[in-house]
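Student: have a look at this prediction, sequence included:
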Amino acid sequence: MEVAYIVFILSFNIKYAYSATDTSVYLLNDGHKIPTVALGTSLGHLSDGTRVLPVNHSLARAVQWALEAGYRHIDTAALYRVEDEVGLGVQHYIEDNNATREDVYITTKLWNDAHDIDEVIPALKKSLDDLKMDYVDLYLMHYPMAYSVNPSITQVELVDWCKEHGVVVMAYSPFGGILGRKKDAPPPHADDPTLVGLAKKYNKTVPQILLRYLLDRQLVAIPRSTNKDRIKENIDIMNFSLTPDEVENLSKFNSDYRLRTPVKWYSHPEFPFEKKNLSDAEIKYIIEHSKED
Ligand SMILES: NC(=O)c1ccc[n+]([C@@H]2O[C@H](COP(=O)([O-])OP(=O)(O)OC[C@H]3O[C@@H](n4cnc5c(N)ncnc54)[C@H](OP(=O)(O)O)[C@@H]3O)[C@@H](O)[C@H]2O)c1
């Protein structure tokens, strides 16, 4: 079995339902709720691939600000090397606001070398036997899927498949290259008339339109920010919704544009994405010199 990492969540996503009136949570069949906006905590990479890490508890503060602004979901991973900061932010929020740990939904992921796969596989097999299920059923019952989704990469087929099978989809990199993060990103860009028009119509900002687009496709949005005002802005999207036509119109921008297709994975026999046109020597050089984790 080839899995890069395992996603742990606090509840099962057996089948989920949407409420027309409350779009802050999706209701799961087991009675748990998954909050629809999660604060992203991967701080990204420098151009040479070095992972950006928080300084002076900047991320712990961002987590606390987010929870105080109404977020109930934090997305993290062992790989991001910020789990201690997330813990600190949650702890401060709880102490300062008389809250409880149960008020906060945390998604995390463990890379395979961070746990003993020789113990995990037999345990999984035993669960399958006990539950009389096959691996696919078990996976679908327990894990959400995470894809990069935004108007430049709409993932319609995957999202439809997940909905059909009752799997919650978490949309990471919700802004893609749209806000200017990549100079060569295809349209739309932040000044696109369609986006600006919607922002005007709803008295919202372009980033808020991009996040609402995800909620109106029944996805969990994972915006990342360490700026207090932008953290607040990114959750202030519950009091409006786009029409189905507007959602469809934004989806027409799709060009399957991916922010990152790590070269170090090119040689894997099941590398799933399109590859850049690089020679073997160039690939070797990048892998040897990349600081990417
Ligand atoms: N499951 C997975 O495989 C997976 C993979 C990748 C990422 N993720 C998760 O998804 C999260 C988000 O993805 P991402 O980090 O790639 O990027 P993102 O959320 O699409 O974009 C983050 C960038 O947008 C800026 N920004 C945020 N809100 C803004 C606003 N309202 N106006 C203008 N700029 C704004 C941020 O800057 P400021 O901080 O200055 O505001 C930052 O530079 C990650 O942090 C991680 O938690 C999951």
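Tutor: Everything's here; your move.

Student: could you measure from residue 81 over to residue 57?
Tutor: Distance of residue 81 to residue 57, given as Cβ to Cβ, to the nearest Å: 14 Å. The way it works is simple: take the backbone N, C-alpha and C, and place the C-beta from them, glycine included.

Student: give me the buried positions along stretch 69-80.
Tutor: The neighbour-count check on stretch 69-80 (16 or more other Cβ atoms under 10 Å) flags 69, 71, 72, 73, 74, 75, 76, 77, 79, 80 as buried.

Student: do stretch 277-293 as well
Tutor: With burial defined by 16+ other Cβ under 10 Å, the residues of stretch 277-293 counted as buried are 283, 286, 292.

Student: equivalent analysis for stretch 124-138, please.
Tutor: Buried residues in stretch 124-138 (16+ other Cβ under 10 Å): residue 124.

Student: stretch 257-267 too?
Tutor: Judged by neighbour count (16+ other Cβ under 10 Å), stretch 257-267 contains these buried residues: 257, 259, 263, 266.

Student: enumerate every residue touching the first one.
Tutor: Same thing as residue 257. Contacts for residue 257 (Cβ atoms under 8 Å, 6 or more residues apart in numbering) come out as 152, 153, 176, 177, 185, 186.

Student: look up how far residue 228 lies from the residue nearest to it when sequence neighbours are not counted.
Tutor: The shortest distance from residue 257 to any non-neighbouring residue, by Cβ to Cβ, 6 or more residues apart in numbering, is to residue 152 (4.2 Å). Noted for residue 152: a distance of 27 Å to residue 228, by Cβ to Cβ.

Student: who has more neighbours, those two?
Tutor: Taking other Cβ atoms under 10 Å, residue 152 and residue 228 do not tie; residue 152 has more neighbours (25 against 15).

Student: got phi/psi on the more buried one?
Tutor: The phi and psi values for residue 152, taken as degrees, to the nearest 10, are phi -90, psi -10.

Student: quick check, pLDDT for residue 71.
Tutor: pLDDT for residue 71: 98.

Student: check contacts around it.
Tutor: Residues in contact with residue 71 (Cβ under 8 Å, 6+ apart) are 35, 37, 38, 39, 231, 235.

Student: try residue 92
Tutor: 60, 64.

Student: so it is in which element?
Tutor: helix 83-97 (DSSP states H and E).

Student: next secondary structure element downstream of that helix?
Tutor: Following helix 83-97 toward the C-terminus (DSSP H and E): strand 105-111.

Student: all strands of the stretch 151-293 of the chain, in order?
Tutor: Counting by DSSP state E, counting those that start in this stretch, the stretch 151-293 of the chain has strands at residues 169-172, 220-221.

Student: elements contacting the last one?
Tutor: Counting contacts by 3 or more Cβ pairs under 8 Å, 6 or more residues apart in numbering; DSSP states H and E, the secondary-structure elements packed against strand 220-221 are strand 169-172, helix 206-215.

Student: distance to residue 252 and mean neighbour count added to those, as a markdown table?
Tutor: Converted to a markdown table, those look like this (distance: least, Cβ to Cβ, whole Å; neighbours: other Cβ atoms under 10 Å):
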| stretch | distance to residue 252 | mean neighbour count |
| --- | --- | --- |
| strand 169-172 | 18 | 22 |
| helix 206-215 | 12 | 24 |
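
Student: if I average pLDDT within each of the ones you listed, which one is lowest?
Tutor: Between the helices and strands packed on strand 220-221, the lowest average pLDDT goes to strand 169-172, which shows a mean of 94.

Student: helices or strands up against that one?
Tutor: Using 3+ Cβ pairs under 8 Å, 6+ apart, the elements in contact with strand 169-172 are strand 145-148, helix 156-164, strand 220-221.

Student: parallel or antiparallel, list what pairs with that strand.
Tutor: Using DSSP bridges, the strands paired with strand 169-172 are strand 145-148 (parallel), strand 220-221 (parallel).

Student: mind listing what's buried in stretch 82-96?
Tutor: Here stretch 82-96 shows 82, 85, 86, 88, 89, 90, 92, 93, 94 as buried, counting by 16+ other Cβ under 10 Å.
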